[in-house]
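J.: got a structure for you, letters missing:
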């Protein structure tokens with residue numbers, strides 16, 4: 001099953017400084033049919049105005065992955081971590097027993113991110129944060145693990161859950177295959193460009209909920225940048 005979830009039908013709210021779209025129930029947007037997808041709980045498509053951002057706030061027991069699409073995000077937390085993550089790169093915060101952090105767009109341009117929350121396999125572990133560059137050329141024509149709790153993904157940022165966050169860039173006409181495996185679920189979003197997933201057409205920022213397939217093929221109809229989460233059911 002591959003179900004298209006059009007961008008224009010997503011929930012969300014425009015707060016002025018933040019224009020947020022929600023693939024799943026979040027904050028004041030509630031849809032009983034979209035409470036998550038396997039261990040994937042949140043996928044927010046956030047547009048953040050220059051000089052604004054999320055002031056210090058707390059999280060616990062969640063793996064929070066930030067994929068920067070445009071601009072950059074600057075992180076600071078109560079563990080003493082701080083860093084700037086720019087377009088194409090990824091940061092991971094394992095909230096664990098509790099962490100307090102802020103995320104600001106300190107740039108002179110708009111920042112656009114995907115904010116992905118995945119439920120961890122355990123609770124109460126020590127919190128942590130990390131970030132890493134992932135050059136788009138390294139994932140040209142193929143899916144590359146960006147954050148993962150799966151054995152063998154040593155180059156990815158670690159997360160504490162049976163899931164993988166992957167990225168791929170495809171030129172128009174190129175295809176990439178992904179082996180999912182029985183019993184697992186995938187959720188795919190196009191950051192840029194138009195694609196087909198086994199014949200199901202997706203425009204930029206559409207989502208695709210995928211299950212009950214061994215694998216699938218993504219074909220780029222235009223130059224495309226793709227983010228994928230592979231998770232236990």
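T.: Cool, got the structure. The structure presented is a predicted model; accordingly, all values stated were derived computationally and were not measured.

J.: which parts of stretch 19-29 are buried?
T.: Using 16 or more other Cβ atoms under 10 Å as the burial criterion, the residues of stretch 19-29 that qualify are 19-26, 29. C-beta: built from backbone N, CA, C; applies to glycine.

J.: Please apply the same query to stretch 46-58.
T.: Those would be 46-48, 52-54, for stretch 46-58 by 16+ other Cβ under 10 Å.

J.: which one of the residues you listed sits closest to residue 232?
T.: residue 46 (25.8 Å; Cβ to Cβ).

J.: Pull the contacting residues for the closest one.
T.: The neighbours of residue 46, taking Cβ atoms under 8 Å, 6 or more residues apart in numbering as the test, are 18-21, 112-115.

J.: next helix or strand past the strand or helix carrying it?
T.: Per DSSP states H and E: residue 46 is located in strand 40-48. Downstream of strand 40-48, the next assigned helix or strand under DSSP H and E is strand 52-59.

J.: helices or strands up against that next one?
T.: When contacts are defined as 3 or more Cβ pairs under 8 Å, 6 or more residues apart in numbering; DSSP states H and E, strand 52-59 packs onto strand 99-105.

J.: relative to strand 99-105, how tilted is the next helix or strand after the strand it packs on?
T.: Toward the C-terminus, strand 99-105 is succeeded by strand 111-118 as the next helix or strand (DSSP H and E). With axes from the mean of the first three to the mean of the last three Cα atoms, to 10 degrees defining the directions, strand 111-118 sits at 150 degrees from strand 99-105.

J.: What lies in contact with strand 111-118?
T.: Counting by Cβ under 8 Å, 6+ apart, 39-48, 50, 62-73, 105, 159, 161, 163, 165, 189, 191, 227, 229, 231 sit against strand 111-118.

J.: Throw together a ChimeraX command that grabs the buried residues out of those residues.
T.: Buried residues among the contacts of strand 111-118 (16+ other Cβ under 10 Å), as a ChimeraX selection:
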select :39,40,41,42,43,44,45,46,47,48,62,63,64,65,66,67,68,69,70,71,72,73,105,159,161,163,165,189,191,227,229,231
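
J.: Number of residues surrounding residue 177?
T.: Using other Cβ atoms under 10 Å, the number of residues around residue 177 comes to 10.

J.: check contacts around it.
T.: Here residue 177 is in contact with 215-218 (Cβ under 8 Å, 6+ apart).

J.: if we go to 10 Å?
T.: For residue 177, the contact set (Cβ atoms under 10 Å, 6 or more residues apart in numbering) comprises 142-143, 215-218.

J.: which residue is nearest the centroid of this structure?
T.: Geometric centre of the chain, nearest residue: residue 116, 4.2 Å, by Cα atoms, centre = their mean.

J.: Give me the next element, helix or strand, following the worst-scoring helix or strand of the chain on mean pLDDT.
T.: Sorted by mean pLDDT, DSSP states H and E, the helices and strands of the chain end with strand 11-14, the least confident at a mean of 95. Downstream of strand 11-14, the first helix or strand assigned by DSSP H and E is strand 18-22.

J.: Domain-wise, how is this structure divided?
T.: Under the assignment automatic domain parsing, the domains of the chain span 2-133, 137-231.
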